[in-house]
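Quick one: sequence plus predicted model below, questions after.
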2 protein chains.
Amino acid sequence: MKKPNAPQPKTGGPTPKGQCAKRVSILDAAADVFCREGFAGASIDEIAMEACVSRQTVYNHYREKETLFMAVVQDIMDRANGALFSILATFPDNGDNLEDDLTAFAVRLNKNCVCNHDGKFIRKLVQTEGERYPHLFEIWRQQGPGKIGTALSALFARLSHVARLDIDDFDLAAKQFLALVNADLPMNSFFGGVPTDEELEKAARAAVRTFLRAYGGKPAKGAGQVEELREEPV
Amino acid sequence: MKKPNAPQPKTGGPTPKGQCAKRVSILDAAADVFCREGFAGASIDEIAMEACVSRQTVYNHYREKETLFMAVVQDIMDRANGALFSILATFPDNGDNLEDDLTAFAVRLNKNCVCNHDGKFIRKLVQTEGERYPHLFEIWRQQGPGKIGTALSALFARLSHVARLDIDDFDLAAKQFLALVNADLPMNSFFGGVPTDEELEKAARAAVRTFLRAYGGKPAKGAGQVEELREEPV
DNA sequence: GACGAATTAGACAATGGTGTCTAATTTTAC
DNA sequence: GTAAAATTAGACACCATTGTCTAATTCGTC
């Protein structure tokens, strides 16, 4: 029952542009349709149409609907993961201008990881298909943006060494930071549109202000050596 | 997927009789299946099966699939709305024991409105079908739990008259309160299971502590009762 | 018990989806 | 230029679903 024309694994060299372009095109279209219609509601014909490709080509590249679906998920996860870590790398590393720096960071995070197309897709996906494909949810939590919380936690721990932050539970603080940052986003960002830059900025600043009201500024009442911090065990 | 025909409805309590029982049974089953499979993935046969009712009866009561879907949505919205307002009525009205009272309130809110079956359904629904049925989203935002934010806002305003709260934007504070309360919930509450009472309590207390660190305690600089304000920052 | 309304199982056409197959055509590689 | 591979359109079998219809059966009520 093997197909006569088994696709040769390309040896990493100059992969034919046409073929690769089709793959990408299919993946993009499939992401779109799956996101819009859900797994059950998406039809291969619609995907092929949107990818400007014949249905058979879809089946040639991805054996069946579920295979295609998984490939889409993996693709989006990888992209989202890349974006996430590139943004996390811009987390402030000094306390000179905490409010502004954290606000700008929050804006970047929301704009590139949470509110963008991929973020929306993943959230929708985990909610709608997480029950049917439990390992999807597992992958998301382990290797995907689900671990944003722990990553942020470490960054806050680092930051607390050089800035006035009175955090005792970094994990909790990270989760709360994320929650606050999304608290004031307009709800239509749930599906339809991406919030404007102004909305993002406003929401982020409000969140950071509250966060710093809760966690900002060490007591600093009794001692005078607050400028430079002592080393603390992690 | 269940027993083909079990004449006994599963709902306990005062069972409505006759056709009314069937209606309720169908509505319940439909909510279940729609929530699990989405609109496109849900089949009338499955709903009829789960409701222990023939397919024709479903069509007799609700003309077609979309009618049934809308009826389910309306039903869940009404229930959720009722639960929400009964919980909002228990919002603390004095500041004698703010942390405990707000924590208990947050637990009630999460347990009965956010993490329960209806809340999960509505959230999933708005995300998956909000695009296809925009008026669904509109109804949700106007008459449903979507307005929880504004309601809470008024309650915080009331509370601030009799408690030590330094809130300038009640609307924002309400949104942030809600966000914080959900920040530390275990993620599996997203679909699978309801968090345990311990998890709810822990998450709520952490949220309220942070909230009160940010908003609790009016400046009160002129007075001398500062010692009670902030204790043990560790 | 009897009558009418509700319910049931099952058949049914229509539709739309998946996945396979073929034969023709285009693209790519050599 | 030629051969191999990829792509295409279209037909196809198969299956699931929706919504209708009918004839038998059960239920509620008198």
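Good, I have the coordinates.

Please see if the helix or strand of chain A with the lowest mean pLDDT touches chain B.
In chain A, no helix or strand scores lower on mean pLDDT, DSSP states H and E than helix A:134-143, which sits at a mean of 78. Yes. Residues of helix A:134-143 contacting chain B under C-beta under 8 Å from any C-beta of the partner chain: A:Phe137, A:Arg141. Glycine gets a C-beta too; all of them are placed from N, C-alpha and C.

any weak-confidence spans in chain A?
For chain A, the stretches flagged by pLDDT under 70 are A:1-18, A:144-145, A:187-192, A:218-234.

Which residue ranges of it form strands?
Counting by DSSP state E, chain A has no strands at all.

Which parts of chain A are helices?
Taking DSSP state H as the test, the helices found in chain A are A:17-41, A:44-50, A:55-61, A:65-88, A:98-109, A:117-129, A:134-143, A:148-162, A:170-183, A:197-215.

How about residues contacting the first one?
If you take C-beta atoms under 8 Å, 6 or more residues apart in numbering or on different chains as the criterion, helix A:17-41 is touched by A:42-43, A:46-53, A:57-58, A:61-62, A:65, A:68-69, A:71-72, A:75-76, A:120-121, A:124-125, A:128-129, A:132, B:37-41, B:128, B:131.

for that helix, which positions count as buried?
For helix A:17-41, burial by neighbour count (16 or more other C-beta atoms under 10 Å in any protein chain shown) applies to A:22-23, A:25-27, A:29-41.

cool, and the fourth one?
By 16+ other C-beta under 10 Å, the buried positions in helix A:65-88 come out as A:65, A:68-69, A:71-73, A:75-77, A:79-81, A:83-84, A:87-88.

Which strands or helices does it pack on?
helix A:17-41, helix A:44-50, helix A:98-109, helix A:117-129, helix A:134-143, helix A:148-162 (3 or more C-beta pairs under 8 Å, 6 or more residues apart in numbering or on different chains; DSSP states H and E).

redo that, cut-off 10 Å
Applying 3 or more C-beta pairs under 10 Å, 6 or more residues apart in numbering or on different chains; DSSP states H and E, we find helix A:65-88 packed against helix A:17-41, helix A:44-50, helix A:55-61, helix A:98-109, helix A:117-129, helix A:134-143, helix A:148-162.

Of all the ones you listed, which one is nearest DNA strand C?
Smallest distance to DNA strand C across these (C-beta to the nearest atom of the strand): 2.6 Å, for helix A:17-41.

Specify the angle between that closest one and helix B:117-129 in degrees.
Angle between the axes of helix A:17-41 and helix B:117-129 is 140 degrees (criterion: axes from the mean of the first three to the mean of the last three C-alpha atoms, to 10 degrees).

ok now helix A:17-41, how far from the chain's centre?
Chain-centre distance of helix A:17-41: 19 Å, with C-alpha atoms, centre = their mean, to the nearest Å.

what does stretch A:43-60 give?
With C-alpha atoms, centre = their mean, you get 27 Å for stretch A:43-60.

Contacts for it, please.
A:3, A:5, A:7, A:19, A:21-34, A:36-37, A:61-62, A:64-65, A:67-68, A:72, B:40 (C-beta atoms under 10 Å, 6 or more residues apart in numbering or on different chains).

quick one: that stretch near DNA strand D?
Yes. Counting by C-beta under 7 Å from any atom of the strand, DNA strand D is contacted by stretch A:43-60 at A:Cys52, A:Val53, A:Ser54, A:Arg55, A:Gln56, A:Thr57, A:Asn60.

Now list the buried members of the residues you listed.
A:Val53, A:Thr57, A:Asn60.

and of those residues, the nearest to chain B?
In terms of C-beta to the nearest C-beta, no member of these lies closer to chain B than A:Val53, at 23.0 Å.

Relative to B:Ala104, how far out is the closest one?
The gap separating A:Val53 from B:Ala104 is 57 Å, by C-beta to C-beta, to the nearest Å.

same check, this time on A:Val58
Per C-beta to C-beta, A:Val58 is found 54 Å from B:Ala104.

ok, the two, which is more surrounded?
Per other C-beta atoms under 10 Å in any protein chain shown, whichever of A:Val58 and B:Ala104 has more neighbours is A:Val58, with 22 against 17.

so what's the more buried one closest to, chain neighbours aside?
Excluding the flanking residues, the one nearest A:Val58 by C-beta to C-beta, 6 or more residues apart in numbering or on different chains is A:Ala48, at 5.1 Å.

Neighbours of the one you found, how many?
A:Ala48: 21 neighbours (other C-beta under 10 Å).

Roughly how far does it sit from A:Leu125?
21 Å.

what residues are up against A:Glu129?
Counting by C-beta under 10 Å, 6+ apart, A:Glu129 has contacts A:Phe34, A:Gly38, A:Phe39, A:Ala40, A:Phe69, A:Val73, A:Leu136, A:Phe137, B:Gly38, B:Gly41, B:Thr128, B:Phe191.
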